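Peer 1: curious how this folds, go ahead:
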Amino acid sequence: MCGIFAILGSAEDPHMLRAKALSASKTIRHRGPDWNGIHVQTVGGCTDILCHERLAIVDPNSGKQPLYNSDRTFAVCANGEIYNHMELRKLLDPKIVASFRTQSDCEVLSHLYEKFGPEMVHKLDGVFAFVVLDKNGNVFAARDPMGVCPAYIGYGSDGSVWISSEMKAIAEHCCRFDIFLPGHSFTTSRTESGKMKRWYEPVWWNEKYLPTKKLDLDMLREKFESAVEKRLMADVPFGVLLSGGLDSSLVAAICQRKHTQQSKPDALTFSKLHSFSVGLPNSPDLQAARKVAAYLGTAHHEFTFEIEEGIDALSDVIYYLETYDVTTIRAATPMYFLSRKIKAMGVKMVLSGEGADELFGGYLYFHKAPNAEEFHKECVRKMKALHQYDVLRANKATAAWGLEVRVPFLDKDFMELAMTMDATDKMINKADGRIEKWAVRKAFSFAEPSYLPDEILWRQKEQFSDGVGYGWIDGLKDHAEKVVTQKMLDHASYCFPQNTPNTKEAYFYRSMFARHFPQQSSLETVPSGPSIACSTPAAIAWDASWKNNADASGRAVMGVHVQEKAFDDAKRAAERSARRRSRSSRRR
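Peer 2: This next block holds a predicted model:
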């Protein structure tokens, strides 16, 4: 992922504004340490500036931004990956395509906008946050469907509009700023005020919609394989994050197959797929990841950290994450450490498993969903909030070290399939041995050769902050107990009257956030509300015992682990299937 920064329609002196823009853009240089570029124009007495901090993944030699159309009447500054960029070139005049200056996947954006206008965003398959600026000062900006690429929008006192990948670049310069919402576009000009519009609105976005499509296991598997394969688009070394849980292990398994098929004898790529895991010494994730890596044959690297190291890094983690959400910070700190190690090895892109739990109701609290309707509604609520939680964590914890993360579970086509599936086929049913994400497990359970060993394919959910070692969360709570007094917590409503922290750990994080981001607008970009094991506030009503036990850790949901039964059932089912295939083969 790169970093983008824009000042649009400013009345400030152009020379002073340029210096201000370069300084602000530098605050997000961690996102794009490879190169930077700037475009400045003054039209009608107002100045527009586009800045770009580049992380070179596709066409590292010539993909410098901002990028332009053929006659340079449109400039574009983009963060993201357009996976179908080669297909999109076919929509353009061959003469225009012949004039392309790079092989960058983002160069197509300005040409698409020139031909199709704002409707061009519907043609994109990928993740993105971009700004298109024409020579007259007209602006079109957009963000991808689920907000995989972060973006913020702010407003200056001179009537200017500011857009940035992270709020730290605009926080001190804008009267007010907010999240540039996922699936939205923004237009403005010299004569019209800015307008925000939702462009991504699938049928499942309406919480009243109840899906009825029956489960198609083959299609589920094929769509996900395709989602992973398209995310292998890279001209630099890449790898996979591997926790040993279902989601990351499936991504790694498909990556390994595709990587073996597509390996290029190129000095910039690894001949063998590399996998990476992190945790406290002997944590559950490290142990499971070793088994997966050995089974798949990846070049595996595991890194450990000590609790004290994690606590020392918290202030930096919060600065890069731009949140005070407890669960996000707990999970991001190990990921932050891991990303630094990965980047030091020369890897610039990794694939990860975020999004599966939201699509398929994978969190442990989904065991208590009262019916299919409520199960589906909670999935929708979780999907809508992803950009403030797991997607934010994955992107910003890795981008802190100039590492790009790609998340195939949030592929647009795959999401459409998963979110229009009858929720009955997603629900957990202990009597039938159905644990969370049963549909995904089942879709990959009988493939030959097998993707994963059964003990991994049917390993039950561990939240990342738990899986890296249960001592991590306990250590955080113990430290907060030492540094936050009861009197401080009693006075929390005076210090933090909005979104008041109700635990010492939350108070500790909130205090650090306030030092980095004291603005009221910064506070309002962070979600709030009670949660049980990562639930939305609405789901707490599913179980009366949760009302006074709203802990974000998965351990707060007791009595739902059915790991042993699920694994035994899966193993017996696999053996029965093997016997049936054997009998069928003999008959032929």
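Peer 1: could I get stretch 399-419 in CSV with only the CA atoms?
Peer 2: Taking Å, rounded to 0.1, in the frame of the first residue of the first chain, the C-alpha atoms of stretch 399-419 are listed here in CSV:
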residue,chain,number,x,y,z
ALA,A,399,2.1,-0.2,6.4
ALA,A,400,3.9,1.2,9.5
TRP,A,401,7.0,-0.6,8.1
GLY,A,402,6.3,-0.2,4.4
LEU,A,403,4.7,-3.7,3.9
GLU,A,404,1.5,-4.3,1.9
VAL,A,405,-1.1,-6.7,3.1
ARG,A,406,-3.7,-8.3,0.7
VAL,A,407,-7.0,-9.8,2.0
PRO,A,408,-8.6,-12.3,-0.5
PHE,A,409,-11.6,-13.0,1.7
LEU,A,410,-12.7,-9.4,0.9
ASP,A,411,-12.7,-10.0,-2.8
LYS,A,412,-15.8,-8.3,-4.3
ASP,A,413,-17.0,-11.5,-6.1
PHE,A,414,-16.3,-13.7,-3.2
MET,A,415,-18.2,-11.4,-0.8
GLU,A,416,-21.2,-11.4,-3.1
LEU,A,417,-21.3,-15.1,-3.0
ALA,A,418,-20.8,-15.4,0.8
MET,A,419,-23.2,-12.7,1.8
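Peer 1: which parts of that stretch are buried?
Peer 2: Neighbour-count burial for stretch 399-419 flags 399-412, 414-415, 417-419 (criterion: 16 or more other C-beta atoms under 10 Å). Just so you know, the C-beta spots here come from the backbone N, C-alpha and C atoms, and that holds for glycine as well.
Peer 1: tell me where the stretch 351-500 of the chain has helices.
Peer 2: 356-360, 372-385, 390-399, 412-419, 438-443, 454-457, 464-467, 470-483, 486-490, 492-495 (DSSP state H, counting those that start in this stretch).
Peer 1: pLDDT weak spots in this protein?
Peer 2: Within the chain, the ranges that satisfy pLDDT under 70 run 261-270, 461-467, 469, 549-588.
Peer 1: domain parsing for it?
Peer 2: Following automatic domain parsing, the chain resolves into domains at 3-201, 211-483+527-556.
Peer 1: for the first one, what is the distance to the chain centroid?
Peer 2: The reference is to domain 3-201. 20 Å (C-alpha atoms, centre = their mean, to the nearest Å).
Peer 1: what about it, start to end distance?
Peer 2: 26 Å (C-alpha to C-alpha, to the nearest Å).
Peer 1: one step back: nearest to Val43, of the helices of the stretch 351-500 of the chain?
Peer 2: Among these, helix 390-399 comes nearest to Val43, with 32.3 Å by C-beta to C-beta.
Peer 1: contacts for that closest one?
Peer 2: The contact list for helix 390-399 (C-beta atoms under 8 Å, 6 or more residues apart in numbering) reads 1, 3, 30-31, 55, 146-150, 166, 317, 320-323, 328, 331-332, 335-336, 339, 350, 352, 354-355, 357-358, 404-405, 407, 410.
Peer 1: tell me the spacing between the nearest residue to Ser99 once chain neighbours are set aside and Lys95.
Peer 2: Counting by C-beta to C-beta, 6 or more residues apart in numbering, Ser99 lies nearest to Ser70, which is 4.7 Å off, once chain neighbours are set aside. Separation of Ser70 from Lys95 (C-beta to C-beta, to the nearest Å): 8 Å.
Peer 1: beyond the helix or strand hosting Glu225, next helix or strand please.
Peer 2: Counting by DSSP states H and E, the element that carries Glu225 is helix 217-230. With elements assigned by DSSP H and E, the helix or strand that comes after helix 217-230 is strand 238-241.
Peer 1: isn't Pro66 up against His39?
Peer 2: Yes: assessed by C-beta atoms under 8 Å, Pro66 is found in contact with His39 at 4.3 Å.
Peer 1: excluding chain neighbours, what is closest to Gly37?
Peer 2: Nearest non-adjacent residue to Gly37 (C-beta to C-beta, 6+ apart): His52, at 4.8 Å.
Peer 1: and what of Ser104?
Peer 2: Gly63 (3.4 Å).
Peer 1: what's the answer for Leu338, then?
Peer 2: In space, Leu338 is closest to Val278, 3.9 Å off (C-beta to C-beta, 6+ apart).
Peer 1: helices and strands around the helix or strand hosting the one you found, which ones?
Peer 2: In this structure, Val278 sits in strand 274-279 according to DSSP H and E. For strand 274-279, the elements it packs on are strand 238-241, helix 284-296, strand 299-304, helix 326-344, judged by 3 or more C-beta pairs under 8 Å, 6 or more residues apart in numbering; DSSP states H and E.
Peer 1: what's across from the closest residue to Leu124 other than its chain neighbours in the sheet?
Peer 2: Nearest residue to Leu124, sequence neighbours excluded (C-beta to C-beta, 6+ apart): Ile82, at 5.8 Å. Ile82 has these beta-bridge partners by DSSP bridges: Gly126.
Peer 1: any idea how many residues pack against Ile82?
Peer 2: Applying other C-beta atoms under 10 Å, we find 26 residues neighbouring Ile82.
Peer 1: reformat the helices and strands packed on strand 274-279 as a markdown table; add distance to Arg89 and mean neighbour count.
Peer 2: A markdown table is the format used below for the helices and strands packed on strand 274-279 (distance: least, C-beta to C-beta, whole Å; neighbours: other C-beta atoms under 10 Å):
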| stretch | distance to Arg89 | mean neighbour count |
| --- | --- | --- |
| strand 238-241 | 23 | 27 |
| helix 284-296 | 35 | 21 |
| strand 299-304 | 35 | 17 |
| helix 326-344 | 31 | 23 |
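Peer 1: Serialize the ones you listed to CSV and add fields for distance to Ser104.
Peer 2: Below are the helices and strands packed on strand 274-279 laid out as CSV (distance: least, C-beta to C-beta, whole Å):
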stretch, distance to Ser104
strand 238-241, 17
helix 284-296, 32
strand 299-304, 29
helix 326-344, 21
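Peer 1: tell me which residue lies nearest the centroid of the protein.
Peer 2: The centroid of the chain falls nearest to Val391 when counting by C-alpha atoms, centre = their mean (2.8 Å).
Peer 1: about what we covered before: more neighbours: Ser70 and Lys95, which one.
Peer 2: The neighbour comparison of Ser70 against Lys95 (other C-beta under 10 Å) goes to Ser70, with 18 against 8.
Peer 1: any chance of the backbone angles for the more buried one?
Peer 2: phi -60, psi -40 (degrees, to the nearest 10).
Peer 1: on that earlier part again, do you know how far the residue nearest to Gly37 is from Lys197?
Peer 2: Taking C-beta to C-beta, one finds His52 at 24 Å from Lys197.
Peer 1: try Lys368
Peer 2: In terms of C-beta to C-beta, Lys368 sits 37 Å off from Lys197.
Peer 1: assign the residue nearest to Gly37 to helix, strand or coil.
Peer 2: Put simply, His52 is strand when judged by DSSP: H, G, I helix; E, B strand; the rest coil.
Peer 1: what about it, how many residues nearby?
Peer 2: 27.
Peer 1: now swap in the one 3 residues further on and tell me
Peer 2: As a burial measure, the neighbour count of Leu55 was computed by other C-beta under 10 Å and equals 22.
Peer 1: OK, contacts around it?
Peer 2: Here Leu55 is in contact with 1-2, 31-34, 348, 399, 402, 404 (C-beta under 8 Å, 6+ apart).
Peer 1: follow-up on the earlier one: state the distance from the residue nearest to Ser99 to Gln41.
Peer 2: 18 Å.
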